[in-house]
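>>> sequence and predicted structure are below.
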Amino acid sequence: MLFKDANLAGWGRVLQSPARIARPERRAVLEALMKETPAPALGAARSYGDAALNADGIVIDMTRLDRILDFNAESGRVTAEAGVRLGDLLRLFGPQGWMPAAMPGTAHVTLGGAIANDVHGKNHHAHGSFGQHVESISLLGADGQLREASEIENPALFKATIGGLGQTGVIVSAELRLIRCVGGRVELRKQRLPDLDAFFEAFDDSKAEFSVGWIDATARGTALGRGVMEEGHLVSGGFAPTRNARTVPFNMPGLTLSRPVVKLFNAYYFRRASANGRTRTRPLQEMFFPLDSLAQWNRLYGKRGFHQFQCVLPSSICEVVLPRILEEIANSGLASPLSVLKKLGPGRAGLMSFPMAGMTLAADFRAKAKALPLLNKLNRMVAEAGGRVYLAKDSTLDAGLLRAMYPEIDKFRAALAEMDPERRFETDLARRLNLRGAPV
């Protein structure tokens, strides 16, 4: 196996580390590699922090193992290798009436990455997390052995692997239960909302299959939390061909996302939407994958990159704590364009899965020195409120807050101690957050 030396970075590009990358193209090559040098897997590198980094170690790039192994057009069950991208599953099976149940904001996330991070989409309130639709997983362990994991076979391993950030082994393939897709179009309604209370009311009243809020995180006072609500229903119609995205060609200078520019952009986006609501029929991909309309958009934040903060707050307290979080962000002057607000249901599949019933907020911050004290404060507020931070997006969390956010951490650590006692799959994130606990 040939290795390539590279400096790997998460999508936020703040955290980076050198590693040797192996790119197997066949399963037999992967299995031989794992028997010789077990190492953590890398998908499309769309996690924002250091979840897939392994400083001065080996990383296995799984993106060339992207074959569809089986598909049942009647039941909607598909078995595929871990490197298959979710956008490809939609492209292949959407016209046949099936699609993945949970779609994140980009089509580039791989099947293995979606499982390892138990991703969620704009329909979590209705269909839960990605891992809840996984039937079984084929996993290569540190001992080079292939194991099957499901709710029936190796259930503890199954729950530790889903949302487990790749710490139990390398996901080789998985069987996934798709859901019905009535067509390639979506009836999308956009409405301008004046404040955060209006968002709470709109989410409570919504009967839409898909819903998301775009928040102006620079707004303060009576306009705190203002933004645009999007609600979508799938409708019949052909699938639009994938369009070539415009690309950010280089790292943008700091003025591109300066405070005045961000305020002007957010104000424009807010006023552009109708206060009474407007409905249009749009291609399905436009709603699912808004992040893909501009390739390499992370370059907008300059060469130093950015941090993303994504939290979820429990339903019982989010109307109290979320305004305080938005006030901290607005007062800091560090907000970036269009923070994201979604309502989540109770669905989660793994011990370390992120979702809980409540509201989730995602906000980006340029990698400035002033951002770190703010993020530390926000992380503490979330922990004290009984919420959690999404580890797939995190780059700043204090390890001391992990147990408060993820109370099943001891069960997770026990599974890791059994599957990988020598910590061959430990990544930069796992070390930074002491995810596995003290060595035995």
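Noted; the coordinates are in hand.
>>> need the contact partners of the helix or strand where Arg431 lies.
Element membership for Arg431 (DSSP states H and E) is helix 428-432. The contact list for helix 428-432 (CB atoms under 8 Å, 6 or more residues apart in numbering) reads 15, 17, 49-51, 53-55, 165, 167, 391, 394, 399, 435-436. To be clear about C-beta, it is placed using only N, CA and C from the backbone, and glycine gets the same treatment.
>>> show me how to select, in PyMOL, the buried members of these.
Listed next is the PyMOL selection for buried residues among the contacts of helix 428-432, using 16 or more other CB atoms under 10 Å:
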select buried, resi 15+17+49+50+51+53+54+165+167+391+394+435+436
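>>> cross the contacts of helix 428-432 against strands and list the overlap.
Of the contacts of helix 428-432, the ones assigned to strands by DSSP state E are Ser17.
>>> residue nearest the middle of this protein, spatially speaking?
By CA atoms, centre = their mean, the chain has its centre lying nearest to Val119, at 5.1 Å.
>>> hang on, that residue packs against Gly128?
No - contact criterion CB atoms under 8 Å: Val119 and Gly128 do not qualify, at 11.1 Å.
>>> joint contacts of those two?
Shared contacts of Val119 and Gly128 (CB under 8 Å, 6+ apart): Ala102.
>>> about what we covered before: just the mean pLDDT for the helix holding Arg431, thanks.
If you average the pLDDT over helix 428-432, you get 97.
>>> go on, stretch 194-209?
Here the average pLDDT along stretch 194-209 is 97.
>>> and the contacts of that stretch?
By CB under 8 Å, 6+ apart, stretch 194-209 touches 123, 126, 189, 191, 193, 211, 213, 215, 222-227, 229, 231-234, 319, 322-323, 326, 341, 343, 359.
>>> is the residue lying closest to Glu81 once chain neighbours are set aside part of a helix or strand, or is it coil?
For Glu81, ignoring the flanking residues on the chain, the nearest one in space by CB to CB, 6 or more residues apart in numbering is Leu65 at 4.3 Å. Secondary structure state of Leu65, per DSSP: H, G, I helix; E, B strand; the rest coil, is coil.
>>> which residues touch Leu65?
24-27, 30, 81-83, 172.
>>> gap between Leu90 and Ile162?
21 Å (CB to CB, to the nearest Å).
>>> of the two, which one has the most company?
Each of Leu90 and Ile162 has its neighbours counted (other CB atoms under 10 Å); Ile162 has more, 28 against 23.
>>> in this structure that one contacts Ile115, no?
Yes - the criterion here is CB under 8 Å, and Ile162 meets it with Ile115 at 5.7 Å.
>>> overlap in contacts, these two.
131, 134, 137.
>>> what confidence value was assigned to the second one?
In other words, Val134. pLDDT for Val134: 98.
>>> could you do the last one as well?
The model reports Ile137 with a pLDDT of 98.
>>> what about it, is that helix, strand or coil?
Applying three-state DSSP: Ile137 is strand.
>>> contacting residues for it?
Contacts of Ile137 by CB under 8 Å, 6+ apart are 115, 148-150, 158, 161-162, 171, 173-175.
>>> going through those, which ones are buried?
Using 16+ other CB under 10 Å as the burial test, those include 115, 149, 158, 161-162, 171, 173-175 as buried.
>>> and these as a markdown table, adding pLDDT, distance to Val261 and secondary structure?
Converted to a markdown table, the buried ones among the contacts of Ile137 look like this (pLDDT from 0 to 100; distance: CB to CB, whole Å; DSSP: H, G, I helix; E, B strand; the rest coil):
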| residue | pLDDT | distance to Val261 | secondary structure |
| --- | --- | --- | --- |
| Ile115 | 98 | 38 | helix |
| Ala149 | 98 | 48 | strand |
| Phe158 | 98 | 46 | helix |
| Thr161 | 98 | 42 | helix |
| Ile162 | 98 | 40 | coil |
| Ile171 | 98 | 41 | strand |
| Ser173 | 98 | 45 | strand |
| Ala174 | 98 | 42 | strand |
| Glu175 | 98 | 47 | strand |
